[in-house]
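S.K.: Pasting the sequence and the predicted model now:
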Amino acid sequence: MANRDLTEGPVAGHLARLGLPMVIGVAAVLSVSLADTFFLGKLGTEELAAISFTFPVVLTITSLGIGMSAGASSVASRAIGRGDMDRTRRLATDAMILSFIIVALVSVAGWFLARPLFSLLGAQGGVLDMVVAYMRVWFVGVPFLVVPMVAMGLIRANGDSTVPSLIMVAGALINIALDPAFIFGWGPIPPLGVEGAAWATLAARAIMLVAAMFVVIHREKLLTAAVPTATAFAHSAWEVLKVGIPAAGSNMINPLSIGIVTAFLATYGNEAVAAFGVATRVEALTTIPMLALSSAIGPVAGQNWGSGKPDRTKAAIGNAFLFVVLCGFVLGASFFLLADPIVGLFTDDSAVRNIATSYLLIVGVTLGGYGVVINASAAFNAIGKAWVGLLFTFLRSFILYIPAAWIATQFGPPWAVFFGIALTNIVAGLSVAILAFVALGKVRA
């Protein structure tokens with residue numbers, strides 16, 4: 001097992017080395033959602049509304065995988081920092097087993113509960129039928145989503161983000177290539193519409209699973225064939241879940257809050273829901289550098305915390321905050337020139353286009369505050385203080401985001417909601433930045 005030491009050398013250099021490949025990887029993954037939106041937008045507003053209804057739930061389940069990956073990466077990176085490779089293999093193996101068990105249960109439950117769940121979120125009639133068809137295929141593929149995520153998290157914990165990025169890019173390219181074939185039909189494949197996008201995703205994920213497991217087993221040698229005792233497995237599972245549960249909760253909170261705000265916006269009609277879905281997808285693309293950095297800060301913070309070098313962990317967090325604020329402002333400002341033409345790629349409906357454009361213009365320049373929250377949460381996950389990271393996300397989403405959106409829906413049009421979201425990003429970013437350094441001063445490696 002190659003050991004890529006992140007406890008020596010410039011902290012900023014390690015963040016850049018790990019973060020830059022993940023920019024491409026995260027961009028590739030998010031491009032799948034944009035491709036789905038683009039192709040389905042060609043079918044009509046109802047199809048666009050249907051895929052918009054799926055977005056919060058898809059993100060919520062994906063966040064479960066991110067949480068399990070964060071738990072596995074956290075315990076593995078700290079064990080690597082201590083130089084305990086036998087313990088690293090035991091933890092990595094047990095994390096993979098645990099993840100598969102959990103997501104298999106989620107997959108079955110989601111398949112059966114798809115219709116009542118999306119009915120509760122406000123989908124009706126033909127839109128609801130399209131959503132259920134999509135999600136039942138999507139839920140079958142949940143294990144193919146989460147297990148590779150955990151595997152790639154382990155690879156990053158050992159200091160390599162390039163290979164995970166390549167796997168993510170390959171999976172995205174396959175998904176996007178298959179999208180039009182399954183959505184519009186091609187040769188023996190009938191046109192499946194919204195459901196077709198789910199089948200394309202399932203096929204791509206199966207290939208990613210094979211690739212990620214091959215690297216973890218044969219190149220990194222991060223897994224062991226030794227069968228653990230029940231006590232040993234329970235201990236490993238607890239170590240992973242101590243981080244994984246709050247990390248999953250932290251990552252679920254944001255899409256859950258988006259789902260709640262989507263329900264608020266549904267009172268304005270399908271156009272507002274479709275516009276919000278388009279805008280949040282474009283927003284996700286804009287935040288790629290911030291998300292990539294959050295995947296890089298974990299290994300750097302975790303290895304240095306595990307090796308007893310908390311000052312380097314603090315330096316990594318400070319560098320991350322500075323970067324996301326500057327990056328968010330620059331990228332958000334670009335929407336004043338690019339928002340309307342970008343939104344126009346996804347819809348010809350003038351009402352949808354106007355609402356989505358107004359979201360990007362109002363919220364865009366405040367995205368750095370959101371970036372502070374996600375990077376602070378990722379760093380605290382990595383050092384084993386995931387409940388602190390959960391608190392940061394809870395503050396942003398439930399204390400600020402949802403109440404601000406609800407109040408705005410009582411008094412104004414959709415753009416009033418967007419001003420509430422922008423204010424949330426500013427207040428949350430400032431608050432979390434202060435709380436993060438206060439918390440670091442009170443915990444010990």
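M.R.: Thanks, I have the structure now.
S.K.: Test for you: state the pLDDT assigned to the residue lying closest to Gly420 once chain neighbours are set aside.
M.R.: Nearest residue to Gly420, sequence neighbours excluded (CB to CB, 6 or more residues apart in numbering): Ala404, at 3.4 Å. Quick note: C-beta positions are derived from backbone N, CA and C, even for glycine. The model reports Ala404 with a pLDDT of 91.
S.K.: before we move on, what about Ala72?
M.R.: Reported pLDDT for Ala72: 88.
S.K.: What residues does Gly429 make contact with?
M.R.: 325, 366, 368-373 (CB atoms under 8 Å, 6 or more residues apart in numbering).
S.K.: That one: which element?
M.R.: Gly429 belongs to helix 414-440 when assigned by DSSP states H and E.
S.K.: tell me what the host helix or strand of Val131 is packed against?
M.R.: Take DSSP H and E as the rule and Val131 turns out to sit in helix 125-140. Helices and strands touching helix 125-140, by 3 or more CB pairs under 8 Å, 6 or more residues apart in numbering; DSSP states H and E, are helix 45-82, helix 85-120, helix 194-214.
S.K.: what about Ile101, distance to Val57?
M.R.: Distance of Ile101 to Val57, computed by CB to CB, to the nearest Å: 21 Å.
S.K.: These two: which has the busier surroundings?
M.R.: Val57 (21 against 10; other CB atoms under 10 Å).
S.K.: contacting residues around the residue nearest the centre of the chain?
M.R.: When CA atoms, centre = their mean is applied to the chain, the residue found nearest the centroid is Ser63 (5.8 Å). Applying CB under 8 Å, 6+ apart to Ser63 gives the contacts 248, 250-252, 254-255.
S.K.: which residue sits closest to it in space, ignoring its chain neighbours?
M.R.: Going by CB to CB, 6+ apart, Ser63 has Asn251 as its nearest residue, at 3.3 Å.
S.K.: Verify the stated contact: that neighbour with Ile61.
M.R.: No - using CB atoms under 8 Å, Asn251 is not in contact with Ile61; the gap is 10.3 Å.
S.K.: and the two? which has more neighbours close in?
M.R.: Neighbour count, other CB under 10 Å: between Asn251 and Ile61, Asn251 has more, with 27 against 23.
S.K.: On the three-state scheme, the more buried one is what?
M.R.: With DSSP: H, G, I helix; E, B strand; the rest coil as the basis, Asn251 sits in helix.
S.K.: swap in Val352?
M.R.: Under three-state DSSP, Val352 comes out as helix.
S.K.: tally of neighbours for it?
M.R.: Using other CB under 10 Å, Val352 has 26 neighbouring residues.
S.K.: cool, and Val210?
M.R.: Quick note: Val210 (other CB under 10 Å) scores 11 neighbours.
S.K.: Ala200 versus that one, what's the distance?
M.R.: Distance, Val210 to Ala200, by CB to CB: 17 Å.
S.K.: same question, Val146
M.R.: Taking CB to CB, one finds Val146 at 18 Å from Ala200.
S.K.: and if you look at Arg82?
M.R.: In terms of CB to CB, Arg82 sits 42 Å off from Ala200.
S.K.: do Thr45 as well
M.R.: 22 Å.
S.K.: in stretch 155-171, what's buried?
M.R.: 155-171 (16 or more other CB atoms under 10 Å).
S.K.: same thing with stretch 333-342?
M.R.: Residues of stretch 333-342 classed as buried under the neighbour-count rule (16+ other CB under 10 Å) are 335, 338-340, 342.
S.K.: how about those, which pair is most distant?
M.R.: Comparing all pairs in the buried residues of stretch 333-342 by CB to CB, the longest separation belongs to Phe335 and Asp340, at 8.9 Å.
S.K.: Give the residue spans of the stretch 201-350 of the chain that score low on pLDDT.
M.R.: Within the stretch 201-350 of the chain, no range satisfies pLDDT under 70.
S.K.: Return the distance of Phe39 relative to Trp387.
M.R.: 40 Å.
S.K.: neighbour count winner among those two?
M.R.: Phe39 (23 against 16).
S.K.: tell me what the helix or strand hosting the more buried one is packed against?
M.R.: Applying DSSP H and E as the criterion places Phe39 in helix 11-41. Applying 3+ CB pairs under 8 Å, 6+ apart, one finds that helix 11-41 contacts helix 45-82, helix 162-184, helix 194-214, helix 270-286, helix 288-306, helix 310-333.
S.K.: and if we set it to 10 Å?
M.R.: helix 45-82, helix 125-140, helix 142-157, helix 162-184, helix 194-214, helix 270-286, helix 288-306, helix 310-333 (3 or more CB pairs under 10 Å, 6 or more residues apart in numbering; DSSP states H and E).
S.K.: quick one: average pLDDT of that helix?
M.R.: 84.
S.K.: roughly how far out does that helix sit from the chain middle?
M.R.: 10 Å (CA atoms, centre = their mean, to the nearest Å).
S.K.: in it, what counts as buried?
M.R.: Neighbour count says helix 11-41 has 11-12, 14-15, 17-41 buried, by 16+ other CB under 10 Å.
S.K.: repeat for stretch 211-219
M.R.: Quick answer for stretch 211-219 (16+ other CB under 10 Å): 211-212, 215-216.
S.K.: ok, now stretch 227-244?
M.R.: Applying a neighbour-count criterion of 16+ other CB under 10 Å, one finds 228, 233, 236-237, 239-244 buried in stretch 227-244.
S.K.: of all those, which two lie farthest apart?
M.R.: Top of the distance list for those (CB to CB): Pro228 and Val243, 18.9 Å.
S.K.: What is the neighbour count of Ala405?
M.R.: 22.
S.K.: Do I have it right that it meets Gly259?
M.R.: No - Ala405 is beyond contact range of Gly259, at 11.6 Å (criterion: CB atoms under 10 Å).
S.K.: Tell me the pLDDT of Val169.
M.R.: So, for Val169, pLDDT stands at 92.
S.K.: which one is it nearest to, not counting chain neighbours?
M.R.: Ala28 (4.3 Å).
S.K.: re earlier: show me whatever sits in contact with both of Phe335 and Asp340.
M.R.: Each of 357, 360-361 lies in contact with both Phe335 and Asp340 under the rule CB atoms under 10 Å, 6 or more residues apart in numbering.
S.K.: quick one: contacts for Leu15?
M.R.: Leu15 touches 6, 292-293, 296-297, 299-301, 315-316, 319-320, 323, counting by CB under 10 Å, 6+ apart.
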